[in-house]
Every structure is written in structure tokens, then in C-alpha cells.
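Novice: Sequence first, predicted coordinates after that:
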Amino acid sequence: MVQLEVNDLAVQYGEIKALKGISFKVNQGDFVTLIGANGAGKTTLLNALTGVVKTSKGEIIFKGKNITSMRSDNIVRLGISHVPEGRKIFSELTTEENLFVGAYIINDKNIVKKNLDLVYSLFPLLEERRKQVGGTLSGGEQQMLAIGRGLMSNPDILFLDEPSLGLAPIIIENIFDYIKEINKQGTTIFLVEQNANMALQFASYGYVLETGNIIIEDNSENLIGNDVVRKAYLGVT
């Protein structure tokens, strides 16, 4: 079943066309990645999908509902959660306080407790650090916290923007294992990532974004074998 459908979506900053009319679909329960170089428009796309930036044309359909002009908080209530690039945790709040921020749309304390228990089951280290101030966590721990915060709103689909950014290779692999487990538990994953090699190893389907256009789409296995992708994004000559 198609969960997210984007049709001819464009975003423009003054004279700069950041997205030039892109279309794609994400099915419920899928693990999809969007790869591309810096400046390709990846973060702009996620910001458009979550109502942070305005679109100049096109439409965004989520679970059959047009959300193109919807406010960000209402988009979250519909079941979309966005883990931003650079983690953007609240450095002066504790780990647990950061997680509670992610549950701001939920009024039922029992649901909040259930979500918190789920996050702690996925990331036991966060429970150990629950009283520790967020700014004192390591980069990998902060990324776990950002993902955990994203899960606190009960999302149907989780948008992840460059979760590997600034992390050591072994930590990146651990983070991707966590993301895979979240997907196995039923949450759709839409991953925006510059580390194409890692993204395509974990995702089942991928799109390649280049200067505001989707230039290639295919299952991950085929993308890994695609000459253009191998040369431009996987470092294979």
C-alpha cells in the first residue's frame, strides 16, 4: 500500500530552484533511501515534506490525505516524524527530558510511558543516561537520542536526515542496525543519506537526487551495480 506519494514537487528560494519537480512513492513498511551529494536538495525535500519550507508546485499525499500546505505540528499528528540533520537535541535538557519533548502531541501519559519503554528497549544506553544532560553525550549517543525522540510521537513513517554525519564508522554501523530494527518493528523508514554505500546496504529501494532532480530509481541491489551510482556515489571506478 502506498503510504507517501509525492507528485511534481518543487521548492524555490528566490531564483534558486532547489527541487525541480520530483515525484516518488514510499510504500507502507518499506525502507527507502534518497542519496545524493551535498547541495542536491535532500534536506530541502525533507523540510518540504514536513511543512518547514513552502513548496512552489506539486503535492504531497500521506495516507491518502493531501498535506502539501499543512502545518508542521499537524503533519506530526498524522504520523510523520523527522529526525533532522545534526541531531539538534536540546543540550541543556536531560536525555529523558529530550525524549519527552518528542511526545508533545500526546496527551495520554500511558501512551507516553509505553513509547518511552519502547525507546529504552531499543536503546538501553539511553535509559542508563536518562538523567545525563544531553550536551554531555557522545555523538553516537546523541544520534540515538534524536532517533528516540522521533519515535516518541508514534510515527507511521520516520524521516532520517544524514544520521551518519560526523560519526565513526563502527558507530555508523550500530546506528544503521538500530534503524533496521525500527523498520522491522513496522515503522516505514525514509532515509536521506550522503553515505550511499551504507544506505544502499540497508534500504530495499533507493532514489538518486542530483541538483534538484531524481535521476535514477531502482531496488538497492541494482543501484549498487549501476555504473553511474558506483562512480559518483560509491567511489568505484
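Specialist: Perfect, thanks for sending it.
Novice: Quick check, residue 2 in contact with residue 24.
Specialist: No: with contacts counted by CB atoms under 8 Å, residue 2 stays clear of residue 24, the gap being 10.4 Å. Every C-beta, even on glycine, is put in place using the N, C-alpha and C of the backbone.
Novice: what about the two, which has more around it?
Specialist: residue 24 (18 against 13; other CB atoms under 10 Å).
Novice: Using the record's assignment, carve the protein into domains.
Specialist: Domain ranges of the chain: 30-52+65-79+155-237, 84-150, per automatic domain parsing.
Novice: Can I get the ones you listed in CSV including distance to residue 12?
Specialist: As requested, these are exported to CSV (distance: least, CB to CB, whole Å):
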stretch, distance to residue 12
domain 30-52+65-79+155-237, 10
domain 84-150, 21
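Novice: Any chance of TSV for these, columns mean pLDDT and mean neighbour count?
Specialist: TSV is the format used below for the domains of the chain (pLDDT from 0 to 100; neighbours: other CB atoms under 10 Å):
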stretch	mean pLDDT	mean neighbour count
domain 30-52+65-79+155-237	93	18
domain 84-150	93	17
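Novice: ok, residue 89 touching residue 141?
Specialist: No: no contact is recorded between residue 89 and residue 141 when judged using CB under 8 Å, the distance being 9.6 Å.
Novice: got the contact list for stretch 74-89?
Specialist: Among residues not part of stretch 74-89, those counted as contacts by CB atoms under 8 Å, 6 or more residues apart in numbering are 43, 46, 49-51, 62-63, 65, 67, 70, 98, 102, 105, 134-135, 137, 142-143, 145-147, 149-151, 153-163, 165.
Novice: can you check stretch 33-43 too?
Specialist: Contacts for stretch 33-43 (CB under 8 Å, 6+ apart): 11, 18-19, 45, 85, 161-162, 190-194, 196, 199-200, 202-203, 205-212, 220, 229, 232-233.
Novice: picking up where we left off before, keep only those of the contacts of stretch 74-89 that are in strands.
Specialist: 62, 65, 157-161 (DSSP state E).
Novice: Residue 6 is nearest to which of the domains of the chain?
Specialist: domain 30-52+65-79+155-237 (7.4 Å; CB to CB).
Novice: roughly how far out does that closest one sit from the chain middle?
Specialist: In terms of CA atoms, centre = their mean, to the nearest Å, the centre of domain 30-52+65-79+155-237 is found 6 Å from the chain centre.
Novice: check contacts around the residue nearest the centre of the chain.
Specialist: Closest residue to the average C-alpha location of the chain: residue 160 at 1.6 Å, with CA atoms, centre = their mean. Residue 160 makes contact with 83, 147, 150, 179, 189-193 under the criterion CB under 8 Å, 6+ apart.
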